[in-house]
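Student: whatever this is, show me its structure:
(one chain, ligands or ions: 1)
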Amino acid sequence: MQNVLVTGGAGYIGAHCCKALAEAGFTPVSYDNLTTGHRDFVRWGPLVEGDIGDRQKIADTVRDHQVVAVMHFAACSLVGESVVDPQKYYLNNLAGTLALLAGLREGGCSRFILSSTGAVYGEVPSGLISETLDCKPINPYGASKWMVERIIADYRAAYGLSAFCLRYFNACGADPSGVIGELRDPETHLISRAMMALQGHAPDFAIFGDDYPTPDGTAIRDYIHVTDLAAAHVLALRLLLEGHAGGSFNLGTGSGFSVKQVLAAIAAETGRAVPWTIRPRRPGDPAELVADPSRARETLGFVARHSDLATIVRSAWAWHQLAHPAQS
Ligand code: UDP
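Tutor: Here you go, the predicted model:
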C-alpha cells in the first residue's frame with residue numbers, strides 16, 4: 001500500500017478524495033487541525049492532527065508514513081469572506097502552503113497536488129475558460145491560490161517538484177454513502193444554502209445579483225460533483241507516480257448554469273420551490289465562470305460522470321436531509 005498525505009482530509013473535498021484513494025488501493029493519511037474539518041469524516045486511513053504551518057510536523061509525518069505524494073486541500077475557500085478578511089487567506093493559503101512545501105522538502109516528498117480554483121482567472125470574456133487565459137484574480141481567495149501556483153512553478157524548476165494544480169470550478173454534491181458531504185458553519189455555497197432554506201435553516205436566503213450580463217441576470221457557474229473531483233485527483237496521482245511533471249488543469253464540465261437555473265433544478269428534484277429574495281451582487285463575484293475541460297480530458301483522461309445538475313442536486317439533497325434535519 002502506498003501512503004498519500006491528504007491535508008484537509010477531514011474536510012468536504014478532502015474526505016471524498018480519501019475515499020477515492022482507498023478505493024484505488026492507496027492509504028490516505030489525513031492531516032487536519034480540525035478547525036473546520038470533521039473527525040468523523042476520517043474513515044479511510046489514519047488522522048494526524050496538525051497545522052499545515054507546522055513545518056517540522058509535516059516533515060516528520062512524511063517520514064513516519066513514507067508518504068509518496070501529497071494532496072493539499074487544507075485552505076480557506078470562501079470568496080466573500082476573503083474580500084472582508086484577506087489576511088486570513090494570505091496567512092492560511094499562502095504562508096501556510098509555503099510552510100507545508102518546506103516541510104515536504106525536508107521530509108523528502110516531491111509529488112504534490114494543489115487544490116486550486118477557477119477563481120484564479122478573475123473576470124473573463126464570455127465563453128469557456130481555457131488554461132491559456134491569463135490569470136487575473138479579482139478576490140483574495142483566487143489571488144492566494146494563484147500566488148501558490150506561481151510558487152509551485154518556481155519550485156518545479158528549481159527543486160524538481162512534480163505538481164498538479166487542479167483548478168476546480170464549483171464543487172458540489174455528496175457521496176451516496178451518506179457519511180460525508182458539505183458541512184460547514186457558516187454555510188455560504190449556493191446549493192447548500194438553498195437546501196438549508198428549504199429545511200427552514202436559512203430564512204435569509206437570497207440571490208446575489210440579478211443584474212449580471214447573463215440571459216436571466218443571475219451569475220453563471222460550472223458545477224462539478226465532488227465525486228468527479230476526487231476521481232480526477234486519483235488520475236493526477238497516478239501520473240505523478242509514473243513520473244509526470246504535472247501542470248495546471250481546469251476541473252469542470254464545460255456547461256454553465258445560472259443561479260436561477262440551479263434553484264429550478266432544486267425545485268424539480270425536491271418538489272418544493274426555494275424561497276428567495278434578490279440582494280445586491282456579492283463583492284468579488286464574476287458574472288460567469290465556465291471551464292474548458294479539454295486539457296484535463298487529454299492529459300488526465302478526466303471526464304465528469306456525475307456532474308449533471310439532477311445527479312448533483314439529488315445527492316446533495318440526500319446528504320442535507322441527513323446532515324441538517326428539517327426544523328419541525
Ligand atoms: N449565490 C447566491 N446566493 C447564495 C450563495 C451563492 O446567489 O446564498 C451565488 C453566488 O453569488 C455565485 C453562485 O451563487 O454567483 C455560486 O456561489 P458559491 O458561493 O456557491 O460558489 P463560488 O462561485 O463563490 O465559489
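
Student: quick one: name the residues of the chain near the ligand.
Tutor: Proximity of the chain to the ligand (Cβ under 6 Å from any ligand atom) is limited to residues 79, 170, 188-190, 193, 205-208, 219, 221, 259, 282, 285. For glycine as for every other residue, the C-beta is placed from the backbone atoms N, C-alpha and C.

Student: so where do the strands sit in this structure?
Tutor: 2-7, 26-32, 47-49, 67-72, 111-117, 162-168, 170-172, 206-208, 220-221, 223-225, 246-251, 257-258, 277-279, 288-289 (DSSP state E).

Student: JSON lines for those, including distance to residue 306?
Tutor: Listed next are the strands of the chain as JSON lines, based on distance: least, Cβ to Cβ, whole Å:
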{"stretch": "strand 2-7", "distance to residue 306": "21"}
{"stretch": "strand 26-32", "distance to residue 306": "20"}
{"stretch": "strand 47-49", "distance to residue 306": "27"}
{"stretch": "strand 67-72", "distance to residue 306": "19"}
{"stretch": "strand 111-117", "distance to residue 306": "19"}
{"stretch": "strand 162-168", "distance to residue 306": "14"}
{"stretch": "strand 170-172", "distance to residue 306": "10"}
{"stretch": "strand 206-208", "distance to residue 306": "26"}
{"stretch": "strand 220-221", "distance to residue 306": "17"}
{"stretch": "strand 223-225", "distance to residue 306": "4"}
{"stretch": "strand 246-251", "distance to residue 306": "13"}
{"stretch": "strand 257-258", "distance to residue 306": "15"}
{"stretch": "strand 277-279", "distance to residue 306": "31"}
{"stretch": "strand 288-289", "distance to residue 306": "20"}
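
Student: distance to residue 197, mean pLDDT and mean neighbour count for those strands - can I get that in JSON lines?
Tutor: Output for those, formatted as JSON lines (distance: least, Cβ to Cβ, whole Å; pLDDT from 0 to 100; neighbours: other Cβ atoms under 10 Å):
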{"stretch": "strand 2-7", "distance to residue 197": "32", "mean pLDDT": "98", "mean neighbour count": "26"}
{"stretch": "strand 26-32", "distance to residue 197": "29", "mean pLDDT": "98", "mean neighbour count": "26"}
{"stretch": "strand 47-49", "distance to residue 197": "33", "mean pLDDT": "98", "mean neighbour count": "18"}
{"stretch": "strand 67-72", "distance to residue 197": "32", "mean pLDDT": "98", "mean neighbour count": "25"}
{"stretch": "strand 111-117", "distance to residue 197": "25", "mean pLDDT": "98", "mean neighbour count": "25"}
{"stretch": "strand 162-168", "distance to residue 197": "24", "mean pLDDT": "98", "mean neighbour count": "25"}
{"stretch": "strand 170-172", "distance to residue 197": "16", "mean pLDDT": "97", "mean neighbour count": "24"}
{"stretch": "strand 206-208", "distance to residue 197": "9", "mean pLDDT": "98", "mean neighbour count": "18"}
{"stretch": "strand 220-221", "distance to residue 197": "18", "mean pLDDT": "96", "mean neighbour count": "22"}
{"stretch": "strand 223-225", "distance to residue 197": "18", "mean pLDDT": "98", "mean neighbour count": "26"}
{"stretch": "strand 246-251", "distance to residue 197": "28", "mean pLDDT": "98", "mean neighbour count": "24"}
{"stretch": "strand 257-258", "distance to residue 197": "17", "mean pLDDT": "98", "mean neighbour count": "22"}
{"stretch": "strand 277-279", "distance to residue 197": "10", "mean pLDDT": "98", "mean neighbour count": "11"}
{"stretch": "strand 288-289", "distance to residue 197": "23", "mean pLDDT": "92", "mean neighbour count": "20"}
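
Student: among those, which comes closest to residue 240?
Tutor: Closest approach to residue 240 among those is made by strand 111-117 (4.3 Å; Cβ to Cβ).

Student: so residue 13 touches residue 172, yeah?
Tutor: No - using Cβ atoms under 8 Å, residue 13 is not in contact with residue 172, being 10.3 Å away.

Student: what sits in contact with each of the two?
Tutor: Residues touching both residue 13 and residue 172 by Cβ atoms under 8 Å, 6 or more residues apart in numbering: residue 226.

Student: got any ranges where this structure has weak pLDDT?
Tutor: 326-328 (pLDDT under 70).

Student: can you map out the helices along it?
Tutor: For the chain, the helices defined by DSSP state H occupy 12-23, 55-64, 79-84, 86-89, 96-107, 140-159, 190-198, 226-241, 259-270, 294-300, 309-323.

Student: ends of stretch 217-231, how far apart?
Tutor: End-to-end distance for stretch 217-231, by Cα to Cα, to the nearest Å: 33 Å.
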